[in-house]
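A.B. asks: Following is a predicted model, sequence given first.
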Number of protein chains: 2
Amino acid sequence: MTGSKEGVFLVVGCGLIGSSLARAARRFRAAERVLVVEPDAGARAKVVELGIADEVAADVRELAPKADLIAVCTPPGVTVEATLGALAAARADAVVFDVAGVKSSVARGVAQGAGARAAAFVPAHPIAGTERSGPEAGFADLFENRWCVITPEGSAPEAARRVAAFWEACGARVASMGAAEHDALLAMTSHVPHLVAYALTATARAERGGVDGDVVRYSAGGFRDFTRIAASDPVMWRDIFLENRSAVLAALDRFEDRLRELRREVEAGDGAGMQALFASTRAVRAAIVAEGQETAAPDFGRPHHGAEPAGDEN
Amino acid sequence: MTGSKEGVFLVVGCGLIGSSLARAARRFRAAERVLVVEPDAGARAKVVELGIADEVAADVRELAPKADLIAVCTPPGVTVEATLGALAAARADAVVFDVAGVKSSVARGVAQGAGARAAAFVPAHPIAGTERSGPEAGFADLFENRWCVITPEGSAPEAARRVAAFWEACGARVASMGAAEHDALLAMTSHVPHLVAYALTATARAERGGVDGDVVRYSAGGFRDFTRIAASDPVMWRDIFLENRSAVLAALDRFEDRLRELRREVEAGDGAGMQALFASTRAVRAAIVAEGQETAAPDFGRPHHGAEPAGDEN
């Protein structure tokens, strides 16, 4: 979009995020050519069928030498290994970034494994996604108006600048912070919410006939929203909880403290205490809508069978 | 729509549910005339301005004698009192139902207060809503394809039949069960999810600058979905936790047990255990979508800035 445009962009691992980046790079002309490395044969065939890349290969060593910019979009548990492989196969002037939802363990692993070459690596995390997985799940505007956090503590300034410019060209807003700060923040805004949604969905599944029972039929009272989160990619989330364990447990402690307090209010029948808490949380929603991170439409603007939006009829 | 059409339908309490019922009764011709009783002067003026009723009054005694069917749509904490007032003012052939999210305490209170007249009352709960409140928040197709549970254990069969037919005319699917069964089920599918969302949102609000901080900015990782639930009406939810305390605490116990198990897996780094759990919860989501209680669109079909749905481009 500007002078920051990259020449050849290589995506390593073409799932939801990787395939969205490949599409966005083309759509927004953030790079001249888009290459994809995907080790899974079925996913690779899908990438060819979708036509979202100029070249597709199974091995990073085949395409990395051609690339100016490389995005490692694998599950978090293999991000370090895939990044080291990309750095080893890339030209000296190439820049590599990842997209994992945890940053301290990735930055540490790459620094240990790559030595001086680690300066060409920029840890990055786009805070965007859906509950779908695979190359067919991606779309070009997944990152539009979403934040991408970079943690370039060990990166060359020019490498960080190029990665930031690339994400901005793909529609994202870029923020820079320390890896530890990122991991503590995301533990609260993402990892613990997922943990809670998984636990709640599993609890409901265990009773009343599981997926065939009343819990599913009468889910519209709130439960269904948790199930969307609990439908997220199992491998990615396993890796996140393995890699960000201490920050997750610290945030979980604070949540459990708060839940215990609320339980005591329910036990005691403390209506005033509950009402004050419930009123205070409304403001958080309003702030998120104002920040542009959410739709203001009621019920997320889920489709209804009739035609009219709220309030325009009588 | 059929021979079950009511003559004069009176809504007592014109918030999200009441105003949606008033609109639905007109839109789907479930009643010939729609009257509204609303004690709050501001909300009453809004009802007049919206033009969603043929007559509006402050006192149920003014309009109840004209009504064939009366819907008590107040906050749950005053449902019994409002129902007793409606029964006392209504004609002997009129039928009254409520819409509260708890049923045992309502049924018990009405039975105790109304004596033989309680047979004209049908406890009902439409499992539908949004995070918005007030007469302007309602819309006619809020109930379309949603379930309405009735618990007519103390009701005359003809009264239950009329209430079921009315809800079906308004687009809902009707299920009948015992009040205790309803309360245990909803504790799991609605009340505990709300409790958890309130606690999580309050936890996040308490740190990192609250509503002005990073938690809001980077909410798209999962947290924002909880905040919609935690933006629900504070008075209604206070009342639900007060009225359904024992079922809520029992369901909360089971959730906390499951969460402790998951915490132990995180602490132990048990990747296989986590992955198996996370894979199992995906099936719940698929079942809910198959049941027609949810959109299958990724991320609830939230609007993106670009134009295309997922997967149709390259």
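C.D. replies: That came through, no problem. Numbers count the residues shown, from 1 in each chain, chains lettered A, B, ... in the order given.
A.B. asks: what secondary structure does A:Val34 sit in?
C.D. replies: strand (DSSP: H, G, I helix; E, B strand; the rest coil).
A.B. asks: Please name the residues that touch it.
C.D. replies: For A:Val34, the contact set (Cβ atoms under 8 Å, 6 or more residues apart in numbering or on different chains) comprises A:9-11, A:22, A:25-26, A:52-54. Where C-beta positions appear, they are placed from N, C-alpha and C, glycine not excepted.
A.B. asks: Cross those against helices and list the overlap.
C.D. replies: Secondary structure from DSSP state H places A:22, A:25-26 of the contacts of A:Val34 in helices.
A.B. asks: What segments of chain A are strands?
C.D. replies: All strands of chain A, identified by DSSP state E, fall at A:6-12, A:31-37, A:55-57, A:69-72, A:95-98, A:121-122, A:124-126, A:147-150, A:173-176.
A.B. asks: Can you say which of the ones you listed is nearest to A:Ala206?
C.D. replies: A:Ala206 lies closest, by Cβ to Cβ, to one member of those: strand A:124-126, at 32.9 Å.
A.B. asks: That closest one: partners in the sheet, and parallel or antiparallel?
C.D. replies: When pairing is defined by DSSP bridges, strand A:124-126 lines up against strand A:147-150 (antiparallel).
A.B. asks: if we can go back for a sec, may I ask which of the ones in helices among the contacts of A:Val34 has the most neighbours?
C.D. replies: A:Ala22 (29 neighbours; other Cβ atoms under 10 Å in any protein chain shown).
A.B. asks: Would you confirm that it contacts A:Cys14?
C.D. replies: Yes - A:Ala22 lies in contact with A:Cys14 (Cβ atoms under 8 Å); the separation is 6.7 Å.
A.B. asks: list residues touching both of those two?
C.D. replies: Contact criterion Cβ under 8 Å, 6+ apart; residues shared by A:Ala22 and A:Cys14: A:36, A:47, A:52-53.
A.B. asks: Which one of these is nearest to chain B?
C.D. replies: Ranked by distance to chain B (Cβ to the nearest Cβ), the shared contacts of A:Ala22 and A:Cys14 are led by A:Ile52 at 4.8 Å.
A.B. asks: Give me the pLDDT for that closest one.
C.D. replies: For A:Ile52, the pLDDT comes out at 97.
A.B. asks: Distance-wise, check it relative to A:Glu32.
C.D. replies: 15 Å (Cβ to Cβ, to the nearest Å).
A.B. asks: Of these two, which one has the most company?
C.D. replies: Ranked by neighbour count (other Cβ under 10 Å), A:Ile52 and A:Glu32 place A:Ile52 first, with 28 against 14.
A.B. asks: What residues does the residue nearest to A:Gly134 when sequence neighbours are not counted make contact with?
C.D. replies: What sits nearest to A:Gly134 in space, not counting adjacent residues and going by Cβ to Cβ, 6 or more residues apart in numbering or on different chains, is A:Gly15, at 5.9 Å. With contact set as Cβ under 8 Å, 6+ apart, A:Gly15 has these partners: A:43, A:73, A:133-135, A:137-138, A:233.
A.B. asks: Which residue ranges make up each domain of chain A?
C.D. replies: Domain assignment for chain A, taken from automatic domain parsing, gives A:6-176, A:182-294.
A.B. asks: For the ones you listed, give me JSON lines that also has distance to B:Ser104.
C.D. replies: What follows is those, written out as JSON lines (distance: least, Cβ to Cβ, whole Å):
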{"stretch": "domain A:6-176", "distance to B:Ser104": "35"}
{"stretch": "domain A:182-294", "distance to B:Ser104": "16"}
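A.B. asks: looking at those, which one has the lowest mean pLDDT?
C.D. replies: Here the domains of chain A differ in mean pLDDT, and the lowest is domain A:182-294 at a mean of 91.
A.B. asks: can you map out the helices along the stretch 1-150 of chain A?
C.D. replies: Taking DSSP state H, counting those that start in this stretch, the helices of the stretch 1-150 of chain A run over residues A:16-27, A:41-50, A:60-63, A:79-89, A:104-114.
A.B. asks: In the longest one, which residues have enough neighbours to count as buried?
C.D. replies: Read that as helix A:16-27. For helix A:16-27, burial by neighbour count (16 or more other Cβ atoms under 10 Å in any protein chain shown) applies to A:16-27.
A.B. asks: Please apply the same query to the third one.
C.D. replies: Going by neighbour count (16+ other Cβ under 10 Å), the buried part of helix A:60-63 is A:60, A:63.
A.B. asks: do the same with the last one
C.D. replies: Neighbour counts over helix A:104-114 (16+ other Cβ under 10 Å) mark A:104-107, A:109-111, A:113-114 as buried.
A.B. asks: got it, and the fourth one?
C.D. replies: Of the residues in helix A:79-89, those buried by neighbour count under the rule 16+ other Cβ under 10 Å are A:79-80, A:82-87, A:89.
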